[in-house]
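Undergrad: here you go, sequence then predicted model.
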Amino acid sequence: MKTVLTIAGSDCSGGAGIQADIKTITMHGAYAMSAITALTAQNTTGVYGIFEVTPEFLKQQLDCIFTDIFPDAVKIGMVSDAKLIHTIAEALKQYQAKKIVLDPVMVSTSGSKLLKDDAADALVTELIPLAGLITPNIPEAEVLTGIQIHSAEDMVSAAERLAEKYLGAVLIKGGHGKNTANDLLYETGKSSWFYGERIDNPNTHGTGCTLSSAIASNLAKGYDMENSIRKAKGYLTEALKAGLDLGRGDGPLMHNYVLNTKTEVSEY
Ligand SMILES: Nc1ncnc2c1ncn2[C@@H]1O[C@H](COP(=O)(O)OP(=O)(O)OP(=O)(O)O)[C@@H](O)[C@H]1O
Ligand SMILES: Cc1ncc(COP(=O)(O)O)c(N)n1
């Protein structure tokens, strides 16, 4: 069985973060492990509290994982503090972790800041260079590049700007667009679009977490980058299309929709 580690924050309401990642990895037939960076008190209406672990305790979790069940791929999500970012970067180098997918989580769908102001630099200088793929959404790509994104061409310019300073692949997610859900992959000087059907469903809590952990699961299973993203986007679209409607705000996805439709995950 392939193994995937998620390093992220816990979402007690189950829609994003560690909980979304574990559901996604499990539905992909891989074995999920987690190193928790923070507990969040949140639900579909907002984030009401963040309780970070200490760098020492995060390191202890990473040591336990890497010295016992080595992950075939790693997904990194919310890490709000510079010291925690540093701890993760050192551990990933120490253990020579492979297939690292980094979702540079900055702000939640509900509008709460999930990255401290002084931690953005550490994310850029310490963690992004270790990733094989980074998956910023449009606002995150704007922060990382200083380019305002209003069109598909702007997405390409932003991806090119990121590729000037960073060797890995870049996936700019287009979920924040109005009528489309097209994501742009920029890898070794070449861009490719993943065209997605825009689903009329406001329940998008955890889409970014789900997409990145689905990509990490597919990479762990041996698919190349392009196929890993294509399959992950297929999974995400179906989980959104299933139309789960929980909570009073922007609700979570139906990660286990395959159990209803009896479709095999390997068919995405
Ligand atoms: N309404 C939608 N219909 C179809 N696909 C969508 C929709 N909204 C988002 N997506 C897709 O979901 C994935 C995540 O994109 P998005 O831009 O929402 O990321 P994000 O903002 O990081 O997610 P999160 O909600 O976790 O913060 C992308 O593949 C995007 O195209
Ligand atoms: C622990 C955690 N990680 C990530 C997100 C971002 O997801 P979203 O933008 O869908 O709220 C979140 N809300 N909570």
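TA: Now that the structure is in, tell me what you want to look at. A quick note: this is a predicted structure, and the numbers were derived from the prediction, not measured. Ligands and ions are numbered 1, 2, ... in the order given.
Undergrad: how about the residues of the stretch 1-150 of the chain by ligand 1?
TA: Selection of the stretch 1-150 of the chain residues close to ligand 1 by CB under 6 Å from any ligand atom yields 16, 109, 137. (Each C-beta comes from the backbone N, C-alpha and C, glycine too.)
Undergrad: my read: the first one touches residue 203, true?
TA: No. Taking CB atoms under 8 Å as the definition, residue 16 is not a contact partner of residue 203, at 11.8 Å.
Undergrad: any idea of the mean pLDDT in stretch 214-233?
TA: For stretch 214-233, mean pLDDT is 98.
Undergrad: in it, what's buried?
TA: 214-221, 223, 225, 228-233 (16 or more other CB atoms under 10 Å).
Undergrad: could you do stretch 67-76 as well?
TA: 71-76.
Undergrad: CA atoms of it as PDB?
TA: Output of stretch 67-76 as PDB, limited to C-alpha atoms (Å, rounded to 0.1, in the frame of the first residue of the first chain):
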ATOM      1  CA  THR A  67      11.600   6.700  11.100                       C
ATOM      2  CA  ASP A  68       8.900   4.100  10.900                       C
ATOM      3  CA  ILE A  69       6.400   4.300   7.900                       C
ATOM      4  CA  PHE A  70       8.300   6.400   5.300                       C
ATOM      5  CA  PRO A  71       5.800   8.300   3.200                       C
ATOM      6  CA  ASP A  72       5.800   7.800  -0.600                       C
ATOM      7  CA  ALA A  73       4.500  11.400  -1.000                       C
ATOM      8  CA  VAL A  74       4.000  14.400   1.300                       C
ATOM      9  CA  LYS A  75       1.300  17.100   1.200                       C
ATOM     10  CA  ILE A  76       1.800  20.300   3.100                       C
END
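Undergrad: quick check: phi and psi at residue 98.
TA: The phi and psi values for residue 98, taken as degrees, to the nearest 10, are phi -120, psi 160.
Undergrad: run a quick neighbour tally on it.
TA: Look at residue 98: counted by other CB atoms under 10 Å, it has 14 neighbours.
Undergrad: just the strands in the stretch 51-200 of the chain please.
TA: For the stretch 51-200 of the chain, the strands defined by DSSP state E, counting those that start in this stretch occupy 73-76, 100-102, 133-134, 169-172, 183-187, 190-194.
Undergrad: can you list those in JSON lines and add mean pLDDT?
TA: Shown next, in JSON lines, are the strands of the stretch 51-200 of the chain (pLDDT from 0 to 100):
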{"stretch": "strand 73-76", "mean pLDDT": "98"}
{"stretch": "strand 100-102", "mean pLDDT": "98"}
{"stretch": "strand 133-134", "mean pLDDT": "98"}
{"stretch": "strand 169-172", "mean pLDDT": "97"}
{"stretch": "strand 183-187", "mean pLDDT": "96"}
{"stretch": "strand 190-194", "mean pLDDT": "95"}
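Undergrad: near ligand 2, which residues of the stretch 51-200 of the chain show up?
TA: Contact residues, the stretch 51-200 of the chain versus ligand 2 (CB under 6 Å from any ligand atom): 77-78, 105, 108-110, 114.
Undergrad: any idea which of those residues is closest to residue 258?
TA: Nearest to residue 258 out of these is residue 77 (CB to CB; 22.7 Å).
Undergrad: does ligand 2 sit close to the helix or strand containing residue 232?
TA: Element membership for residue 232 (DSSP states H and E) is helix 225-241. No. Helix 225-241 is not in contact with ligand 2 by CB under 6 Å from any ligand atom; minimum separation 11.8 Å.
Undergrad: can you narrow the buried residues of stretch 214-233 to ones near ligand 1?
TA: residue 233.
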